[in-house]
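Colleague: this one's sequence-less:
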């Protein structure tokens, strides 16, 4: 499940994935309007192989994204906060019982879903079992912003919770800023009282973020991101966690939009943009955006 989840996150966000529900009273995000929006994504990953996504918008909001494979067959759709994939309608045992050459009936299954409002996100995770994707768990975020009238409000704090039987503890992140940039996060869990378990330390060289280090209260480094700038429009991010490293290279255009994402294993995405605001960046959870990596708009 973790592999599938990571592929989806990388696919849709450069790194992570989220989405937006289709409610009239939902604001696009706490960010300002962007001048361009992604129109097409071409790439390769371990879940879909070679793929292409064509994205269509209505009133500056994503209406539908159609995912096709190298044979031009539709294999998934992105719509109304959901990633929906076509999967076999039969179990593997039932497929094995079919006559040779028989066509396997297909059905649609949600494989990832996020409902988002201005201050809340509800992210539903699904796992693959016997060719199907079934509900796994849900995590809910509540964000608190500064009290300015700025369009780009600062996230001062977030809380994350799930149902008790999902064994997801109530957690909290509190950010410290210097000017408009985050310099530290204090991560805590709740068990009758808040207990800080790690600090998130951000590092910069001038205006550029150079790293993010998560250090436990025992002094151990739980996770670290190192940002290396290869050129004005190209950067590499190496994330190390639990003794494993993952490298992603981003290429940006002259306007600062992500036009290519490359993994060290050969997976990649190329993006094309069109003029106009879109809400594709709502596919990325706000808590993840705050880690500093580029994301698709």
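Modeller: Structure received. None of these values were measured; they are calculated from a predicted model. Numbering: from 1, shown residues only.
Colleague: Surely residue 216 is in contact with residue 195?
Modeller: No - the pair residue 216 / residue 195 is not scored as a contact, 11.8 Å apart, by C-beta atoms under 8 Å. For the C-beta atoms, the positions are set from N, CA and C on the backbone; glycine is no exception.
Colleague: all helices for this protein, in order.
Modeller: Taking DSSP state H, the helices of the chain run over residues 2-13, 92-96, 286-289.
Colleague: hmm, back to that, between residue 216 and residue 195, which one's more packed in?
Modeller: More neighbours surround residue 216 than the other of residue 216 and residue 195, with 14 against 10 (other C-beta atoms under 10 Å).
Colleague: Contacts only, for that one.
Modeller: With contact taken as C-beta atoms under 8 Å, 6 or more residues apart in numbering, residue 216 is in contact with 197, 198, 222.
Colleague: Kindly state the beta-bridge partners for it.
Modeller: residue 198 (DSSP bridges).
Colleague: ok, now the one 5 residues further on?
Modeller: Note on residue 221: beta-bridge partners residue 215, judged by DSSP bridges.
Colleague: Pull the number of nearby residues for it.
Modeller: Residue 221, neighbours per other C-beta under 10 Å, totals 13.
Colleague: residues contacting it?
Modeller: Counting by C-beta under 8 Å, 6+ apart, residue 221 makes contact with 213, 214, 215.
Colleague: Tell me the confidence at it?
Modeller: For residue 221, the model assigns a pLDDT of 96.
Colleague: Surely residue 137 touches residue 126?
Modeller: No - look at residue 137 against residue 126 with C-beta under 8 Å: they stay out of range, at 9.3 Å.
Colleague: Between those two, which is the more surrounded one?
Modeller: residue 126 (22 against 15).
Colleague: so who does the more buried one touch?
Modeller: Contacts of residue 126 (C-beta under 8 Å, 6+ apart): 109, 110, 111, 112, 113, 133, 134, 135, 136.
Colleague: Excluding chain neighbours, give the residue nearest to the first one in space.
Modeller: Read that as residue 109. residue 133 (4.5 Å; C-beta to C-beta, 6 or more residues apart in numbering).
Colleague: Let me see the contact set for that neighbour.
Modeller: 85, 87, 109, 110, 111, 126, 127.
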